[in-house]
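Undergrad: Sequence first, then the predicted structure:
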Amino acid sequence: MTDQAPTDRPGLLQQTRFRVAVVAMLVIVLGIAAWLWFRPGREVTDDAQVDARVTQIAARVGGTVTRVTVDDNRLVERDAVLIEIDPRDYQVAVDKARAELADAEASAVAAQSNVPITTATATSGVSTARGGVSQAEAAVAAAGKEVDAAHARLTAVQARLREVEANATKAARDVERLRGLLAKDEISQQQFDTTVATADAQKAASDSARSQVAEAEAGIRVAESRLAQARAAEQQAHSELRSAQTAPQQVAATKARASSAEAHVLQARATLAQAELNLQYTTIHAPIRGIVSKRGLNVGQVVQPGQPLLALVAIDDVWVTANFKETQLRNMRPGQRATVDVDAYGGREFTGKVDSIAGATGARFSLLPPENATGNFVKVVQRVPVKIVLDAGQDPEHLLRPGLSVVPTVFTK
C-alpha cells in the first residue's frame, strides 16, 4: 500500500491537468463564439416572419356563380379565369343600352339637322317681314293720299253743289217772278221759256252735283276703308317683323336642343360602357400570379358586389418583416447586408439586405394603441418593423410562404 501511492499520484495529477485544459479550451471556444455572435456590428431578432402580398378577390357585380375553376392551395397564372357569374342579366342590360344609344344618336342627328334649317328660315323670315313692313307702309301712304284726294274731291264737288244750288234757286225765283209778268203780258213767252229752261238746267246741274257729292263721300268711305286695311296690314307686318326678329333666340333654342341631344348621346354611351364593363366583370380573372387561399364559394351560390370570394398569395415576391427592438436601431440603415435563417427548413440561411425601416412602432399600428399619458406608466421597449428583401434566385421552388418564422441578422458594420 505504501509503495503504490506515489505511483498513482502522477497519473491523477495528469488527468486533472487534462480536464482543466479541456474545460479551459471549452471556455475559450465558447467565449470566442459568444464574442463572435454578440460582438458589435450585428443585430439579431427572433421576432420576424416571412411576408408577401395577399390580394383579396371580390365580386364587382352580383349574381349566381356558374363556374369555379380553382381550388385552395393551387398555383394560378396571371389573367387566368377564376370564377364565372351568370352573365345573362348583364347581356340584356348591354342590349338595352345599345338600343338607347341608337335612339339618342338618331335624335341627335335630327336635332343637328334642324339647326341650319332654322337659321336659314329665320334669316329669310326677317328679310320677308321687313319687305312686308315696307310694302305695308307704302300701302298706308298710298291709302292716305287716296283719302286726302277723296276729301279734296268732296270739297270741290260740295263747293260746286253750293254754286249750282245757288244758281238753281236764283233760276227758280226768276221763273216765279217772270210767271207773273207773263200773265200781265209784260214779257214774251219766249223769254219766259228761256228762263224756265235755264231753271231746269240749273236744277239738273244741282242734282248732278249732289250725285257727285254722294259719289265723293262714297269714295272717301272706300278710301278710308282701304286706309284702315292698309294700317291693319302694317300692324300685322310689324308684328311679323317682331316675331321674325326673335330669329337669334330661335336659332339658339334649336342649337340648345341639338346640344342636349348630343349630351344624351354621351350619356347613352356611358351607360353602354358601364353595361359592357358589368358584363366583363361576370368573369373574374387573376390579377397576379399566386397561390389560391381561403376559397369561400361554390357553384350556384349567389354573391353580392364587394363580397370576398378568395385570396391570392403572391409567392413570387416575398420579404422578411423583422420587429427589432428600438435599442437595436441606432446603427441600422437601409442597404445593410442581412442573413435570414428559416425555421421551417432546418435553419436554412438566405441572404438579403435591409430595404426600409417602418415609420412607426408596431404598437402604433395596433387596433388599440397604448396611451402613455394616462394611468400608471411602465416603460416597455418598443419594436419597429424592418423590411428585409432577399437576394434573387435563392428560392426557385418558392418554398418561403408568408407567416413562416425566421431569425434575421443585420450586419450594421
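TA: Noted; the coordinates are in hand. Numbers count the residues shown, from 1 in each chain.

Undergrad: The spatially most central residue of the chain - nearest residue in space that isn't next to it in sequence?
TA: Compute the mean C-alpha point of the chain, and by Cα atoms, centre = their mean the closest residue is Q267, 8.5 Å away. Distances taken as Cβ to Cβ, 6 or more residues apart in numbering put A104 closest to Q267, at 7.5 Å, once the chain neighbours are dropped. The way it works is simple: take the backbone N, C-alpha and C, and place the C-beta from them, glycine included.

Undergrad: and the helix or strand harbouring the one you found, what's its mean pLDDT?
TA: Using DSSP states H and E, A104 falls within helix 88-183. Helix 88-183 shows an average pLDDT of 76 in the prediction.

Undergrad: again, but for stretch 218-225
TA: Rounded mean pLDDT across stretch 218-225 is 78.

Undergrad: Next, M332: secondary structure please.
TA: coil (DSSP: H, G, I helix; E, B strand; the rest coil).

Undergrad: Tell me which residues touch it, please.
TA: Applying Cβ atoms under 8 Å, 6 or more residues apart in numbering to M332 gives the contacts 43, 324, 354, 357, 386, 410, 412.

Undergrad: What residues are bridge-paired with the fourth one?
TA: For I357, the beta-bridge assignment (DSSP bridges) gives partners V386.

Undergrad: Pull up the pairing partners for the lengthiest strand in the chain, direction included.
TA: When the chain is parsed with DSSP state E, its longest strand is strand 308-325. Take DSSP bridges as the rule and strand 308-325 pairs in its sheet with strand 48-58 (antiparallel), strand 290-293 (antiparallel), strand 383-390 (antiparallel).

Undergrad: before we move on, back to that, does the residue nearest to the centre of the chain belong to a helix, a strand or coil?
TA: helix.

Undergrad: next one: N372
TA: Per three-state DSSP, N372 ends up coil.

Undergrad: how near is it to G359?
TA: 19 Å (Cβ to Cβ, to the nearest Å).

Undergrad: show me the contacts for V68.
TA: 82-84, 295, 297-299.

Undergrad: let's see it at 6 Å
TA: 83, 299 (Cβ atoms under 6 Å, 6 or more residues apart in numbering).

Undergrad: distance of it from D89?
TA: From V68 over to D89 (counting by Cβ to Cβ), the distance is 19 Å.

Undergrad: What residues sit buried inside stretch 324-335?
TA: The neighbour-count check on stretch 324-335 (16 or more other Cβ atoms under 10 Å) flags 324, 328-329, 332 as buried.

Undergrad: Look up the closest residue to V407, ignoring the ones flanking it.
TA: V407 sits nearest to D341 (Cβ to Cβ, 6+ apart), 4.5 Å away.

Undergrad: picking that back up, and the helix holding A104, how far out from the chain middle?
TA: Distance of helix 88-183 from the chain centroid (Cα atoms, centre = their mean, to the nearest Å) equals 53 Å.

Undergrad: In terms of secondary structure, what does it contact?
TA: helix 189-244, helix 247-281 (3 or more Cβ pairs under 6 Å, 6 or more residues apart in numbering; DSSP states H and E).

Undergrad: For the shortest one, what does the pLDDT average out to?
TA: Right, the one you point to is helix 247-281. Here the average pLDDT along helix 247-281 is 85.

Undergrad: C-terminal to that helix, what's the next element?
TA: strand 283-285.

Undergrad: Buried residues, that next one. List them.
TA: Neighbour count says strand 283-285 has I284 buried, by 16+ other Cβ under 10 Å.

Undergrad: What pairs with that strand, parallel or antiparallel?
TA: Paired strands of strand 283-285, defined by DSSP bridges, are strand 81-85 (antiparallel).

Undergrad: Report the distance from the partner strand to the chain centre.
TA: That offset, for strand 81-85, works out to 31 Å (Cα atoms, centre = their mean).

Undergrad: Dump it to CSV, keeping only the CA atoms.
TA: The C-alpha coordinates for strand 81-85 follow below in CSV (Å, rounded to 0.1, in the frame of the first residue of the first chain):
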residue,chain,number,x,y,z
VAL,A,81,-60.1,32.7,-65.2
LEU,A,82,-61.0,32.1,-61.5
ILE,A,83,-64.8,32.5,-61.3
GLU,A,84,-67.7,33.0,-63.7
ILE,A,85,-71.0,34.6,-62.8
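
Undergrad: could we number from 10 for the rest of this?
TA: Done: numbering now begins at 10, and the last item shifts to strand 90-94.

Undergrad: which residues are contacting it?
TA: 72, 74-79, 291-293, 295.
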